[in-house]
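Novice: Coordinates for the following, if possible.
(one chain, ligands or ions: 1)
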Amino acid sequence: MTFENIIAEKKGAVGVITFNRPHALNAFCAALMDETTRALDDFESDDAIRVIVVTGGDKVFAAGADIKEMAEKTFVDTFREDFITKNWERVARCRKPVIAAVAGYCLGGGNELSMMCDFILAADTAKFSQPEITIGTLPGAGGTQRLTRLVGKSKAMELCLTGRMMDAVEAERAGLVARVFPAADLMAETMKIAEKIASFSPLATMMVKESVNRAYETTLAEGLRFERRLFHASFSTQDQKEGMEAFVEKRKASFKGK
Ligand code: DAK
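Specialist: Take a look at the predicted model:
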């Protein structure tokens, strides 16, 4: 598939989306979000793709939503058209694992989109921020909610109220970022991690994802019950039989997603 604002590539079992609006620091315009949604739809429906990586390349992840595109909108415009909501949420609805690989600025909507991914890998050049307060508004794509769940109320409040940037080391310490790599190694390390996940049973990875996500949405008792049911359900798959037999037979498992 070819696009104007992103590059979508299939690299073995990994689907890679690279934002590609360098003149605007990859600011998310409506067309870019439309294209991202279409690429995600395609990766999700392709059985050969088992993991998705979302990145902005080696210089900048994204400087947020396109301010020039939204500056003149009125409340009525944003309310009536349900402003950019439909395309923004697609990444959060992916059933396959989605990794954000972040280098450089990851601001506003950029940070919100990276938090909709399953985990964030950062280059040591990454800078995270919710700067909406500096332009007279507040995060509108989940920033106040997801950031607070990830880093806690005090740090989320301080970041959202000041709009300051947080570097990769602080972001990892705070729990926003899973791992930090030297900038030159970010994509290679990300692909290694993506390929490792892609080598496992796609059924099991989807079950892990659903179960970890449930931890955010329910009580501990309900979450444990949900996890237990999925764990039991995994014993109905050929992949569980294959995985455990391969261990016993001291050979590498070959998972089929069945
Ligand atoms: N939008 C549009 N253009 C942008 C942009 C942005 N967010 N960020 C940068 N650019 C453009 C600049 O205008 C400039 O374009 P030209 O002047 O060359 O035409 C070019 O990118 C290079 O930027 P700078 O010249 O400013 O570069 P610097 O290195 O000096 O500064 C910077 C880099 C990242 C510190 C600065 O560009 C900056 O502060 N950018 C704005 C950051 C920001 O405030 N981002 C938050 C935007 S609000 C929602 C979904 C999402 C959202 C809301 C609702 N729903 C689902 C309802 C999200 C909102 C936001 O993200």
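
Novice: Would you mark the buried spots in stretch 49-63?
Specialist: By neighbour count with 16 or more other C-beta atoms under 10 Å, stretch 49-63 contains the buried residues 49-57, 60-63. All C-beta atoms are positioned from the backbone trio N, CA, C, and that covers glycine.

Novice: Let's see which of the residues you listed end up in strands.
Specialist: Residues of those located in strands (DSSP state E): Val51, Ile52, Val53, Val54, Thr55.

Novice: ok, so of those residues, who is nearest the ligand?
Specialist: Val54 (15.1 Å; C-beta to the nearest ligand atom).

Novice: Just list the residues touching that closest one, thanks.
Specialist: Applying C-beta atoms under 8 Å, 6 or more residues apart in numbering, we find Val54 in contact with Ile17, Thr36, Val91, Val98, Ile99, Ala100, Ala101, Leu113, Ser114, Cys117.

Novice: distance between the ends of stretch 22-38?
Specialist: Taking C-alpha to C-alpha, to the nearest Å as the measure, stretch 22-38 stretches 20 Å from start to finish.

Novice: Could you grab the helix/strand/coil label for Ile7?
Specialist: For Ile7, the assignment made with DSSP: H, G, I helix; E, B strand; the rest coil gives strand.

Novice: just the residues of the chain that are near the ligand, which are they?
Specialist: Contacts of the chain with the ligand, taken as C-beta under 6 Å from any ligand atom, map to 24-25, 27, 63-68, 83-85, 88, 105, 107-109, 131-132, 135, 140-141.

Novice: Among those residues, which lie within strands?
Specialist: Using DSSP E, the residues of the chain next to the ligand in strands are Tyr105, Leu107.

Novice: For PyMOL, what selects the buried ones among the residues of the chain next to the ligand?
Specialist: Buried subset of the residues of the chain next to the ligand, written as a PyMOL selection, criterion 16+ other C-beta under 10 Å:
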select buried, resi 24+25+27+63+64+65+66+83+84+88+105+107+108+109+131+132+140+141
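
Novice: Flag every buried residue along stretch 222-230.
Specialist: Gly223, Phe226, Glu227, Leu230.

Novice: now swap in stretch 239-246 and tell me
Specialist: So, applying 16+ other C-beta under 10 Å, buried residues of stretch 239-246: Asp239, Gln240, Glu242, Gly243.

Novice: ditto for stretch 248-256
Specialist: Buried residues in stretch 248-256 (16+ other C-beta under 10 Å): Ala253, Phe255.

Novice: tell me the mean pLDDT for that stretch?
Specialist: The average pLDDT within stretch 248-256 is 97.

Novice: Can you name every helix or strand that the worst-scoring helix or strand of the chain on mean pLDDT contacts?
Specialist: In the chain, no helix or strand scores lower on mean pLDDT, DSSP states H and E than helix 85-88, which sits at a mean of 82. Packing contacts for helix 85-88, counted by 3 or more C-beta pairs under 8 Å, 6 or more residues apart in numbering; DSSP states H and E, involve helix 30-45, helix 109-116.

Novice: The helix or strand following that helix to strand 51-55, inter-axis angle?
Specialist: The C-terminal neighbour of helix 85-88 among helices and strands, as given by DSSP states H and E, is strand 98-102. Interaxial angle of strand 98-102 relative to strand 51-55 (axes from the mean of the first three to the mean of the last three C-alpha atoms, to 10 degrees): 30 degrees.

Novice: so what secondary structure elements neighbour strand 98-102?
Specialist: Applying 3+ C-beta pairs under 8 Å, 6+ apart, one finds that strand 98-102 contacts strand 51-55, helix 109-116, strand 119-123, helix 186-198.

Novice: would you put the C-alpha positions of it in CSV?
Specialist: Coordinates of each C-alpha in strand 98-102 appear next as CSV, following Å, rounded to 0.1, in the frame of the first residue of the first chain:
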residue,chain,number,x,y,z
VAL,A,98,1.8,-2.9,18.8
ILE,A,99,5.2,-1.5,19.8
ALA,A,100,5.9,2.3,19.6
ALA,A,101,9.6,3.0,18.7
VAL,A,102,10.2,6.6,19.8
